[in-house]
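1. Next one to model:
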Amino acid sequence: MVLVAHGSADPRAALQTRALARAVGGVATFLDHAGPRPGEVLAGLRPAVVVPLLLTSAYHGRVDIPAALAGLGTEVALADVLGPVDGVVPPELLDALAGRLTPGPGFDGLVLAAAGTRDPDARETVALSASALGRRLGVPCMAAFATSDGIRPADAVAHLRAGGARRVAMSSYFLAPGKLCDLAAAGALRAGAVAVSPPLGAHRDLVALVRRRAARARTLVAA
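-> Residues are numbered from 1 along each chain as shown. Next up, the predicted model:
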């Protein structure tokens, strides 16, 4: 199993990604900033299953990963991303998001904060996850984005507070730490969030989701 992450200039991201790879018994690869690259690992593996470490099927999933697999002269099974697919939010993802929220006094509003994308379909899947998480926890939950289009985490916190919520928390829709995750958290806290969850990392339910995605990989990519 080969996990493919985008990569980050923040060294914490690679450490977290490698921890997830160890937990699932796979190999971590990166499109940028860190190594190894997917092609370097896949060149020596026959056959292989590739799992994108992505929560949406935006540009990285639709363009960057297929490009990284091109030209290897073999075929690999490409798994779905870890976020919603065909309108279905993976239950393991909801379990992991809920599990990362800090235990303690209850909150009455929640912001699901993601990195951001210009792809409206990708943003819609984040909103889908936010709605599902809100139903799971019994609180209103808004999707927000650290960059690009869409509401910012700070504004989402303010909106929920204006609507009557008094204890708003932020759930991090990130797989690993990095600049955008920090930016989202800082904005939410400035706006009055009472708690911010850490990235999903190697949470046991995310590990289960990665394994399920790998087991159900069906799309063969001529690499």
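
2. what residue ranges in this structure are flagged as low confidence?
-> Scanning the chain for pLDDT under 70 picks out the ranges 58-62, 103-105, 219-223.

3. That one: helices as residue ranges?
-> Ranges of helices in the chain, per DSSP state H, are 11-24, 38-42, 59, 65-69, 91-100, 120-137, 153-162, 179-190, 204-215.

4. Let's see the second one as PDB, backbone CA atoms only.
-> Output for helix 38-42, consisting of C-alpha atoms alone and laid out as PDB, is shown next (Å, rounded to 0.1, in the frame of the first residue of the first chain):
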ATOM      1  CA  PRO A  38       5.200   8.200  -5.500                       C
ATOM      2  CA  GLY A  39       7.100   7.100  -8.700                       C
ATOM      3  CA  GLU A  40      10.200   6.300  -6.800                       C
ATOM      4  CA  VAL A  41       8.400   3.800  -4.600                       C
ATOM      5  CA  LEU A  42       6.000   2.400  -7.200                       C
END
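
5. related to what we said a few turns ago, same list (the helices of the chain) but as JSON lines, adding mean neighbour count and distance to Ala77.
-> Every residue, glycine included, has its C-beta placed from N, CA and C. Below are the helices of the chain laid out as JSON lines (neighbours: other Cβ atoms under 10 Å; distance: least, Cβ to Cβ, whole Å):
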{"stretch": "helix 11-24", "mean neighbour count": "19", "distance to Ala77": "15"}
{"stretch": "helix 38-42", "mean neighbour count": "18", "distance to Ala77": "11"}
{"stretch": "helix 59", "mean neighbour count": "15", "distance to Ala77": "22"}
{"stretch": "helix 65-69", "mean neighbour count": "18", "distance to Ala77": "11"}
{"stretch": "helix 91-100", "mean neighbour count": "19", "distance to Ala77": "20"}
{"stretch": "helix 120-137", "mean neighbour count": "18", "distance to Ala77": "22"}
{"stretch": "helix 153-162", "mean neighbour count": "21", "distance to Ala77": "36"}
{"stretch": "helix 179-190", "mean neighbour count": "19", "distance to Ala77": "30"}
{"stretch": "helix 204-215", "mean neighbour count": "19", "distance to Ala77": "8"}
